[in-house]
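Student: structure of the sequence below:
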Amino acid sequence: MTIIILTFTLPISNVSACYFENINVKGHGVKRLAIIIPSIIPERQNVTLKIISVVDYKDRMELDFERSDKVNVSVLWSSASYLEGSEKFVLVQLEEGSAEVSLIGYMAEAIVLKAEWVSGESYMETWMTIAWVGVDPPK
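Tutor: The predicted model follows:
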């Protein structure tokens with residue numbers, strides 16, 4: 001059994017960590033996308049989001065390093081946050097199951113992020129999540 005800890009460098013000190021148990025079990029799982037976000041997103045600072053492909057089983061998720069699909073990453077039009085500097089959506093190519101996208105938020109707010117499969121080997125389910133810019137998430 002191997003524990004994989006995903007880490008990436010951000011210009012802030014607090015970063016949420018995701019842990020995935022990587023067990024080589026041949027089974028049927030749901031292929032989906034996931035977004036790894038910093039635990040705190042400061043206002044007016046670029047942060048890096050990591051888009052990953054996973055296989056979601058009932059009791060665990062495994063990283064899927066084989067994917068090289070195209071994925072649309074978006075933030076709601078009504079928010080004051082932007083991807084890659086000035087965009088509300090960007091098209092990225094997964095390389096070995098992951099891609100990075102920069103995000104900047106211009107005011108304190110809750111934002112909705114979405115990663116949606118566009119093309120590739122086979123369909124992957126969409127991932128939507130809420131991120132908090134300039135404020136601590138509610139507990």
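Student: low pLDDT regions in this protein?
Tutor: Scanning the chain for pLDDT under 70 picks out the ranges 1-27.
Student: list the residues that contact the most centrally placed residue in it.
Tutor: Nearest to the mean C-alpha position of the chain, by Cα atoms, centre = their mean, lies Ile35 at 1.4 Å. With contact taken as Cβ atoms under 8 Å, 6 or more residues apart in numbering, Ile35 is in contact with Leu49, Lys50, Ile51, Ile52, Val73, Leu113, Ala115, Trp127, Thr129. To be clear about C-beta, it is placed using only N, CA and C from the backbone, and glycine gets the same treatment.
Student: do Ala108 as well
Tutor: Per Cβ under 8 Å, 6+ apart, neighbours of Ala108: Glu43, Val133, Gly134, Val135.
Student: between those residues, which sits nearest Phe65?
Tutor: Nearest to Phe65 among the contacts of Ala108, counting by Cβ to Cβ, is Val133 at 30.4 Å.
Student: ok, which stretches of this protein are strands?
Tutor: Per DSSP state E, the chain carries strands over the ranges 2-6, 18-22, 30-36, 47-56, 61-63, 70-75, 81-83, 89-93, 98-105, 109-119, 127-133.
Student: reformat these as CSV; add distance to Lys139.
Tutor: Shown next, in CSV, are these (distance: least, Cβ to Cβ, whole Å):
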stretch, distance to Lys139
strand 2-6, 23
strand 18-22, 19
strand 30-36, 20
strand 47-56, 21
strand 61-63, 24
strand 70-75, 24
strand 81-83, 22
strand 89-93, 30
strand 98-105, 20
strand 109-119, 14
strand 127-133, 11
